[in-house]
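[1] when you get a sec, could you give me coordinates for this:
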Amino acid sequence: MLTKVYGSAVFGVEATTVTVEVNIDKGIGYHLVGLPDNAIRESNYRIAAALKNTGYKIPGKKITINMAPADLRKEGSAYDLTLAIGILAASGQIREDSVGDYLIMGELSLDGGLQPIKGALPIAIKAREEGFKGFILPNENAKEAAIVNDLEVFGVENIREVIDFFDGESILEQTIIDTREEFYKNLDFPEFDFADVKGQESIKRAMEIAAAGGHNIILIGPPGAGKTMLAKRLPSILPPMTLHEALETTKIHSVVGRVKDSGLLSQRPFRSPHHTISDVALVGGGAYPQPGEISLSHNGVLFLDELPEFKRGVLEVMRQPLEDREVTISRAKFTVTYPSSFMLVASMNPSPGGYFNDPDAPVTSTPAEMQRYLSKISGPLLDRIDIHIEVTPVPFEELSDDRKGESSVEIRKRVTKARVLQTERFADLEHVHYNAQMNTKQIRAYCKLDEASKTLLKNAMERLNLSARAYDRILKVSRTIADLAGMNEVDGSHIAEAIQYRSLDRDGWLG
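    As a prediction, the model looks like this:
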C-alpha cells in the first residue's frame, strides 16, 4: 500500500516541501532513498523503539520510502515523525484519509516523545503558501510556527497524540498567537538602558548619530573606559523593528534553532563573537551551510570587541557583506544567500598595552608599537566605518553622581524621527534606506555645502591631515546630524561636529 505524507527541508532562510512516499509490499527489508543524510538513515532505530514503546510496530514487510524531490539533499532528524506516521498509515495501523492534509515534522525520542526542530518558521510560511490545512510539530516550536496567520498549528508532546488525532480519538489543541500584540508589547523595554551610563555625554552623542544614520562606529580607548558597556546599549536606541523586519530576523534565528518558545523576536539582535572566531563562523558556511554571526546580526548590531585581536583574514571577509548587505555561500550543487544588513560596532585599545601614548599610563607603548598594532586593521575595512570616537575614563565626580542620565527611550524618539526623514528622502531608491547607505552620487545630491562650510572642511582636512576617504564619511555623518536637528540643509556646525568623529584618519594614528 502506498501512502504520501509531507515534511519540509530548509535551505538558506527558505523552505521546500518534501513528499515522503511510503510503499509497503510483500517481502522484507527497509529501503530509504532520496538523498537522506546519516541522521535520517538512523531514524529507523528511533522510529522502531518509539512505536514499540507506544504500542505499535514497524511491519515485517518490504518498506520502501522515497523522499521527493529525490535530487535534493535532506538532513537532520526532524523527519522522524513524518516517516513514522507514513509507515503507520501505509501499514493500515492508523487511518490515512487526512494525513496528507498536514505538514508533519519532529524528532522522536525512544519513548515516543518529540524533540524540537530547526526552521519551524520558514516551514510554516511554506505550508501556508502551499495550502496545507495545518502544521503538526513539537510543542516547543509551536509558538514560533504560530506566528504565521491562516495556518492551523498543533504543538504535540509525543507521537501518541498524533496517532489518536488521525484516528479521530482526540482533538489537538491549536496554538494561537496574536502576532501584532506579541510584537508590540516588548518594544519599549530594552534590557540595557543609557540611563545607567555615568558621564560619557560625547560618546552617547556619537552613538545617537550612529543609530540615526545607520553608521558603523569604532570606539577607541583604554581598558575600563566603558566601551563594551556603551556598545551593549546601542540596540536600545535603534528605531523599533517593523513587523516585516521582525519576521525576517526571526526566520534567520529559526534556521539555527534559536527561537523555540520565544515566538516572534521584537528586540533587535546584538551579537558579540569572541576574537578567536573563524571566517566560516562569522559569515556562515559549512558542509550544510548555516547562517554566520553577521546574518544572526541582521537588522541589529554586530559588536567586535578588541578589533585588532581578530585574525586579519576573518575581518577581510566582512568587506563584501558590509557593502552588499547580504552574503552568498556557493557549493557545487547549490547557492544559499543570507541577508546581513547590520550595524558594525567595534572597540579597540589604542596600543598593545591598552593605553594611549602617555608617560603616566600604567603600561606604555612606543609610537612604533602603536602604529604596528593599529595597522592590523586594513584600510578597506576602516573605510566602511563612518565614525571613530575616542573613549576616555569617567572621572570620579561623574561616576559617583546619583543622578540618572537620559533614558534610551528618549534618545530613541529622536533617532526614530531622524530615520523617518531619511525614509522619505530615499523613498524612490530601492537599496538606500538611511544615510550610511548613500553612494558618492547621492552624497553630492543630498549633502550640498555652502562656501563657508566648504572652506571649513577644506581647512580641517589640511590642518588635521585627514585622508581622502574621510571626506565622504564626514559628509554622510553631517547629513545625519542635520537630520537629528530637523534641518534640510547641512551647515558649518554639522560639518564641525562630524570632523570630530574621524580620529583614526588623523596624522599619527594610521598614517
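
[2] tell me the mean pLDDT for stretch 300-317?
    For stretch 300-317, mean pLDDT rounds to 91.

[3] quick one: that stretch to chain centroid distance?
    16 Å (C-alpha atoms, centre = their mean, to the nearest Å).

[4] same question for stretch 78-86: list its buried residues.
    Neighbour counts using 16 or more other C-beta atoms under 10 Å place 78, 79, 80, 81, 82, 83, 84, 85, 86 of stretch 78-86 among the buried residues. To be clear about C-beta, it is placed using only N, CA and C from the backbone, and glycine gets the same treatment.

[5] ugh, typo on my part, it should be stretch 218-236
    Those would be 218-222, 225-228, 230-236, for stretch 218-236 by 16+ other C-beta under 10 Å.

[6] cool, stretch 279-293 as well?
    Going by 16+ other C-beta under 10 Å, stretch 279-293 has these buried residues: 279, 281, 282, 283, 284, 285, 289, 290, 291, 292, 293.

[7] save the residues you listed as TSV, and put in secondary structure too.
    What follows is the buried residues of stretch 279-293, written out as TSV (DSSP: H, G, I helix; E, B strand; the rest coil):
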residue	secondary structure
279	helix
281	helix
282	helix
283	helix
284	strand
285	strand
289	coil
290	strand
291	strand
292	coil
293	helix
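
[8] and of the residues you listed, the nearest to residue 136?
    Taking C-beta to C-beta as the measure, residue 136 lies nearest residue 290 of those, at 25.2 Å.

[9] and whichever strand in the chain runs longest, what does it pack against?
    Criterion DSSP state E: the longest strand present in the chain is strand 14-25. In terms of contacts (3 or more C-beta pairs under 8 Å, 6 or more residues apart in numbering; DSSP states H and E), strand 14-25 is packed against strand 2-11, strand 62-68, helix 80-90, helix 120-129.

[10] was I right about residue 501 contacting residue 387?
    Yes. Between residue 501 and residue 387 there is a contact under C-beta atoms under 8 Å: 4.4 Å.

[11] low pLDDT regions in the stretch 251-400 of the chain?
    By pLDDT under 70, the weakly predicted segments of the stretch 251-400 of the chain are 260-262, 354, 356-364, 396, 399.

[12] which residues in it form helices?
    279-283, 293-296, 312-316, 319-324, 367-374, 379-382, 396-399 (DSSP state H, counting those that start in this stretch).

[13] chain center to the lengthiest helix in the chain: distance?
    Longest helix in the chain by number of residues, with DSSP state H as the criterion: helix 408-425. Centroid separation for helix 408-425 versus its chain: 22 Å, with C-alpha atoms, centre = their mean.

[14] who does that helix touch, helix- and strand-wise?
    Short answer (3+ C-beta pairs under 8 Å, 6+ apart): helix 408-425 packs on helix 201-213, helix 469-484.

[15] what's the closest of those to residue 344?
    It is, among the helices and strands packed on helix 408-425 and with distance given as C-beta to C-beta, helix 201-213, at 9.9 Å.

[16] in this structure, where is pLDDT below threshold?
    182-190, 260-262, 354, 356-364, 396, 399, 505-511.

[17] domain boundaries for it, per the record?
    2-177, 194-437 (automatic domain parsing).

[18] and those domains as CSV, adding distance to residue 491?
    Listed next are the domains of the chain as CSV, based on distance: least, C-beta to C-beta, whole Å:
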stretch, distance to residue 491
domain 2-177, 43
domain 194-437, 16
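
[19] skipping adjacent residues, who's closest to the residue nearest in space to the middle of the chain in space?
    For the chain, the residue nearest the mean C-alpha position is residue 296 (2.4 Å; C-alpha atoms, centre = their mean). Nearest residue to residue 296 in three dimensions, chain neighbours excluded: residue 271, at 5.3 Å (C-beta to C-beta, 6 or more residues apart in numbering).

[20] hmm, back to that, looking at the helices and strands packed on helix 408-425, which is closest to residue 142?
    helix 201-213 (34.7 Å).

[21] so what strands line up beside whatever helix or strand comes next after that closest one?
    Downstream of helix 201-213, the first helix or strand assigned by DSSP states H and E is strand 217-220. Counting by DSSP bridges, the strands paired with strand 217-220 are strand 343-348 (parallel), strand 387-390 (parallel).

[22] and those: which comes nearest residue 420?
    strand 343-348 (18.0 Å).

[23] gap between that closest one and the chain center?
    16 Å.

[24] how much does it deviate in direction from helix 367-374?
    Interaxial angle of strand 343-348 relative to helix 367-374 (axes from the mean of the first three to the mean of the last three C-alpha atoms, to 10 degrees): 150 degrees.

[25] what residues of the helix or strand that comes right after the longest helix of the chain count as buried?
    Later in the chain than helix 408-425, the nearest helix or strand by DSSP H and E is helix 440-446. Judged by neighbour count using 16+ other C-beta under 10 Å, the buried positions of helix 440-446 are 442, 443, 446.

[26] which strands and helices lie in contact with helix 440-446?
    helix 469-484.

[27] what touches both of residue 501 and residue 387?
    206, 209, 477 (C-beta atoms under 8 Å, 6 or more residues apart in numbering).

[28] I'd say residue 253 and residue 267 touch.
    No. Assessed by C-beta under 8 Å, residue 253 is found out of contact with residue 267, at 11.5 Å.

[29] what sits closest to residue 180 if chain neighbours are left out?
    Looking at residue 180 with C-beta to C-beta, 6+ apart, the closest residue is residue 243, at 6.9 Å.

[30] distance check, that neighbour against residue 205.
    30 Å (C-beta to C-beta, to the nearest Å).

[31] comparing those two, which residue is more hemmed in?
    Neighbour count, other C-beta atoms under 10 Å: between residue 243 and residue 205, residue 205 has more, with 17 against 13.

[32] could the helices and strands packed on strand 14-25 go into a markdown table alongside distance to residue 103?
    As requested, these are exported to a markdown table (distance: least, C-beta to C-beta, whole Å):
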| stretch | distance to residue 103 |
| --- | --- |
| strand 2-11 | 5 |
| strand 62-68 | 14 |
| helix 80-90 | 9 |
| helix 120-129 | 4 |
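
[33] need the CA coordinates for stretch 400-414. PDB is fine.
    Extracted C-alpha coordinates of stretch 400-414, given in PDB (Å, rounded to 0.1, in the frame of the first residue of the first chain):
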ATOM      1  CA  SER A 400      29.700  58.900  41.900                       C
ATOM      2  CA  ASP A 401      26.800  61.100  40.800                       C
ATOM      3  CA  ASP A 402      23.500  59.600  41.700                       C
ATOM      4  CA  ARG A 403      21.500  61.400  39.000                       C
ATOM      5  CA  LYS A 404      20.200  59.300  36.200                       C
ATOM      6  CA  GLY A 405      21.200  60.100  32.600                       C
ATOM      7  CA  GLU A 406      18.800  60.400  29.700                       C
ATOM      8  CA  SER A 407      16.900  57.100  29.000                       C
ATOM      9  CA  SER A 408      17.200  55.000  25.900                       C
ATOM     10  CA  VAL A 409      13.500  55.600  25.200                       C
ATOM     11  CA  GLU A 410      14.000  59.400  25.000                       C
ATOM     12  CA  ILE A 411      17.100  59.000  22.700                       C
ATOM     13  CA  ARG A 412      15.200  56.500  20.500                       C
ATOM     14  CA  LYS A 413      12.500  59.000  19.900                       C
ATOM     15  CA  ARG A 414      15.000  61.400  18.300                       C
END
